[in-house]
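Visitor: whatever this is, show me its structure:
(one chain, ligands or ions: 2)
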Amino acid sequence: MNDSKTALTLLIAAPRGFCAGVDRAIRIVELAIEKYGAPVYVRHEIVHNRYVVDALKEQGAIFVETLEDVPDGVPVVFSAHGVPKAVPAKAEERGLEYVDATCPLVSKVHRQAERLVEKGQHIVFIGHRDHPEVVGTFGQVPPGAMTLVETAQDAESVEIPDADNLGFLTQTTLSVDDTIEIIDVLRRRFPNINAPRSEDICYATSNRQDAVKAIAASCDAMLVIGAPNSSNSLRLVEVAEREGTSARLIQRATEIDFEWLDGVATLGITAGASAPEILVREVVDWLAERFDITEREVETTREKMLFKLPRGLEAA
Ligand code: 10D
Ligand code: SF4
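Guide: Ligands and ions are numbered 1, 2, ... in the order given. Here you go, the predicted structure:
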C-alpha cells in the first residue's frame, strides 16, 4: 500500500452495463460483417456508446444517420432503438439487404402501439421528444394517432380527442419514479385509460435504477459511465441525485474530475446499458492509480435475459 494515497471505497452497482438488447445488437453487426463482408452500414449508432461504435468501425461498420446515406447494393443494420416503419419499407423499395437490430422489448412496444390503433384507441406516449426510440415508435402508427407526454405537467395539460377511448405506452428507458407520477396524473384525468399489459420500461432499465438506489445512500458521490445521448444512462444520474447523491456522467476515465472527488470517501460506480464493462475497469484502474481503493460490488438482482438472433444470422 502506498501511504501517500487517500483511501477510497468503491461501491460498484450490479446489475450495470450491457443489457441483453445491447449485447444482441452489437453481435448482429459483427455477424452481418462476417456474413456479407465489410463494409456493413449501420443506420444510427447501434447503441449510444462511442467506444462500441469505434470498435465496430474498426471491424468494417460504417455509421450513418439516414437510409439515404446508404449506397445501393450494400447491407444495412437498423440500430437497437428501432426505426419508423417507413425505413424498412424504403430499404425494400431500394432492394437493400437489411438486418433489424431493434431490441425485442422495443419491438414489443411497437406491436402494442399497432394493436391500440387497430382497436381505434388514441395513444398517449410517455417519452423524450426526438429520442430515436420515440421517433421509431411514433413511426409505427399513422400521423396523429399518438400524443407525446414528457412530464407530469404535460400530462396535466394534454388535450385528448376521445378521453374514453385511450391507451398509454412508454419508452423503455424512462425513470421508473417519474413515469409513475405521470401515469398517476393520466389515470386521474382519464379514468378509463388502458394500461399496457406489462411494463414498457424494460427489466434492464429498472434493474439498473434499483441497483443505484441500493448504494446511493452509502455513497458520497457517484460516477455513471455512459454517453450524453444515452437515455437510460442519464436516468441513472437522475436517480442517484434524487437519492441525494451528487452524480456525474462520464464516457471515459479521462473525464474524471479529480477535484470533484475531494473529500469523497465512498464513491458509487455504475454504467448504462450501452456501456461496456471494459470502461468500468478503466475507471477503477484510473482510480487505483490515485487512491488506495477498496472495491465492493453490491448486487441487487441477477439478470438471465437472453434474446434470440434474427433468422439468417444465427448460422453465420
Ligand atoms: O438512449 P437509450 O438509453 O435508449 O439507448 P442506449 O443505446 O444508451 O442503450 C440501449 C437502449 C436501447 C437500445 C433502447 F431501449
Ligand atoms: Fe432492450 Fe431494455 Fe436494453 Fe433497451 S435497455 S436495448 S429495451 S433490454
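Visitor: all strands for the stretch 101-250 of the chain, in order.
Guide: All strands of the stretch 101-250 of the chain, identified by DSSP state E, counting those that start in this stretch, fall at 122-126, 146-149, 166-170, 221-225, 246-250.
Visitor: spell out which parts of the stretch 201-316 of the chain neighbour ligand 2.
Guide: The interface of the stretch 201-316 of the chain toward ligand 2, taken as CB under 6 Å from any ligand atom, is made up of Cys202, Ala204, Thr205, Asn232, Ala273. The way it works is simple: take the backbone N, C-alpha and C, and place the C-beta from them, glycine included.
Visitor: highest neighbour count among those?
Guide: When neighbours are taken as other CB atoms under 10 Å, the top entry among these is Ala273 (31 neighbours).
Visitor: apart from its chain neighbours, what residue comes closest to that one?
Guide: Distance criterion CB to CB, 6 or more residues apart in numbering; nearest residue to Ala273, sequence neighbours excluded, is Cys19 at 4.1 Å.
Visitor: quick check, nearest of the residues of the stretch 201-316 of the chain next to ligand 2 to ligand 2?
Guide: Comparing those against ligand 2 with CB to the nearest ligand atom places Cys202 closest, at 3.2 Å.
Visitor: what's near enough to touch that closest one?
Guide: For Cys202, the contact set (CB atoms under 8 Å, 6 or more residues apart in numbering) comprises Cys19, Gly21, Cys103, Leu105, Thr172, Thr173.
Visitor: next, work out how far apart Ile250 and ligand 2 are.
Guide: Computed with CB to the nearest ligand atom, to the nearest Å, the distance linking Ile250 and ligand 2 is 19 Å.
Visitor: where's the closest residue to Arg94 other than its chain neighbours relative to ligand 2, distance?
Guide: Using CB to CB, 6+ apart and skipping the chain neighbours, the partner closest in space to Arg94 is Asp72 (6.4 Å). According to CB to the nearest ligand atom, Asp72 stands 30 Å off from ligand 2.
Visitor: contact partners for Asp72?
Guide: Neighbour list for Asp72: Arg94, Gly95, Leu96 [criterion: CB under 8 Å, 6+ apart].
Visitor: name only those of those that count as buried.
Guide: Leu96 (16 or more other CB atoms under 10 Å).
Visitor: nearest to Gly127 among the contacts of Asp72?
Guide: Leu96 (28.2 Å; CB to CB).
Visitor: so that closest one, which of the three states?
Guide: Reducing the assignment to helix, strand or coil with DSSP: H, G, I helix; E, B strand; the rest coil, the entry for Leu96 is coil.
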